[in-house]
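Undergrad: Quick one: sequence and predicted model below, then my questions.
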Amino acid sequence: MIVLISGCAGGTALNVGESSINSEQSAALVSDRPFSYDDYETVLQTYVDDRGQVDYKALTANPQALEQFNAALARLSRDTYESWTEAEQIAFWINAYNSLTLQAIIANYPTQSIRDIPGVWKWLKFEVMGEEMTLDEIEHEVLRKEFDEPRIHMGLVCASIGCPILLREPYVGGELNRQLDGQTLKFLALEQNFKIDRDQNKVHLSSIFKWFGDDFKNQYGGTEKFAGTEKEKAVLNFTSQYLDERNRKYLVEGGYDIQYLDYDWSLNEQ
């Protein structure tokens, strides 16, 4: 369901995927039950392939599991969330971002790119723990501001080819390090995201590292090795952890130019 309401600066704000459960019914549900990712896992296993591409046509025709999971995001109590470990909280928000992004796409399907959806990051409203939030608020006001975990950028998927691939399992606290490390390895293995060109003496980086490179400085900055600005040195220090010894040595020694790759905003569709 999409409800149009008046937005800022004469724009249009949108509420997407509102649950059919009203507030009284929602309040009557048991809020402290164990939170389940089962419906979301069903979506990932059914509609996402090993390349992280999504069968949006089929998902649009059969949205029940996705809608049930997103309704659970809305019903989760703040007290339950705050009882979780930091890793569990990070996993929750990454899953929420990715699942709600899927909801935004199928609510506007067919589309060639997520950028064709007006206000998809800043105006589109979703309910999480009883509060209306945008995708930008989840990413920038919660994940980036409340947690010092730059690997979130290897997990967040904005429904585009340029993004990391969509993992076919939910993120969970106990497996978060393994999952984010695995996602980083997959991301850097694709030349559309990272490439060393020794012939031209250049290192090509995903635009994700240009946009969010500052997030890597706290954990990976402060080094005199590598090339580029302080932000770029931090990013290269991070990426080097996932490379073989030969490529890591090349990055550490510096003396190369850094270029950013064009970002592919086309839909990550099967």
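TA: Arrived safely. Residues are numbered from 1 along each chain as shown.
Undergrad: Longest helix in this protein, please.
TA: Among the elements of type helix in the chain, defined by DSSP state H, the one spanning the most residues is helix 86-107.
Undergrad: Which positions in that one come out as buried?
TA: Applying a neighbour-count criterion of 16 or more other C-beta atoms under 10 Å, the buried positions in helix 86-107 are 87-107. For every residue, glycine as well, the C-beta is placed using N, CA and C.
Undergrad: same question, stretch 167-185
TA: 167, 168, 170, 171, 172, 176, 179, 180, 183, 184.
Undergrad: Can you list which of those are found in helices?
TA: Among the buried residues of stretch 167-185, the subset assigned to helices under DSSP H consists of 176, 179, 180, 183, 184.
Undergrad: just those residues now: which is nearest residue 118?
TA: Proximity of those to residue 118 (C-beta to C-beta) peaks at residue 183, which lies at 29.4 Å.
Undergrad: Skip the chain neighbours and tell me the closest residue to the closest one.
TA: Leaving out its chain neighbours, the residue that sits closest to residue 183 by C-beta to C-beta, 6 or more residues apart in numbering is residue 154, at 4.3 Å.
Undergrad: Return the distance of the strand or helix carrying residue 71 from the chain's centre.
TA: Following DSSP states H and E, one finds residue 71 within helix 64-75. Centroid separation for helix 64-75 versus its chain: 18 Å, with C-alpha atoms, centre = their mean, to the nearest Å.
Undergrad: So which residue is smack in the middle of the chain?
TA: When the chain is reduced to its mean C-alpha position, the closest residue under C-alpha atoms, centre = their mean turns out to be residue 156, at 1.1 Å.
Undergrad: That one and residue 139 touch, don't they?
TA: Yes - in this structure, residue 156 sits in contact with residue 139. The criterion is C-beta atoms under 8 Å, and the distance is 6.3 Å.
Undergrad: where do the contact lists of the two overlap?
TA: Shared contacts of residue 156 and residue 139 (C-beta atoms under 8 Å, 6 or more residues apart in numbering): residue 97.
Undergrad: tell me the residue furthest from the middle of the protein?
TA: For the chain, the C-alpha farthest from the mean C-alpha position belongs to residue 199; by C-alpha atoms, centre = their mean, that distance is 33.7 Å.
Undergrad: Helix, strand, or coil at it?
TA: Of the three states, residue 199 takes coil according to DSSP: H, G, I helix; E, B strand; the rest coil.
Undergrad: Can you report phi and psi for it?
TA: Recorded main-chain torsions at residue 199 are phi -60, psi -40, according to degrees, to the nearest 10.
Undergrad: what's the least confident helix or strand in the protein, going by average pLDDT?
TA: strand 2-6 (a mean of 31; mean pLDDT, DSSP states H and E).
Undergrad: Strands along the stretch 1-150 of the chain, start to end?
TA: Ranges of strands within the stretch 1-150 of the chain are 2-6, 12-16, 124-128, 131-133, based on DSSP state E, counting those that start in this stretch.
Undergrad: Now do the shortest one: which elements does it pack against?
TA: Same thing as strand 131-133. strand 124-128 (3 or more C-beta pairs under 8 Å, 6 or more residues apart in numbering; DSSP states H and E).
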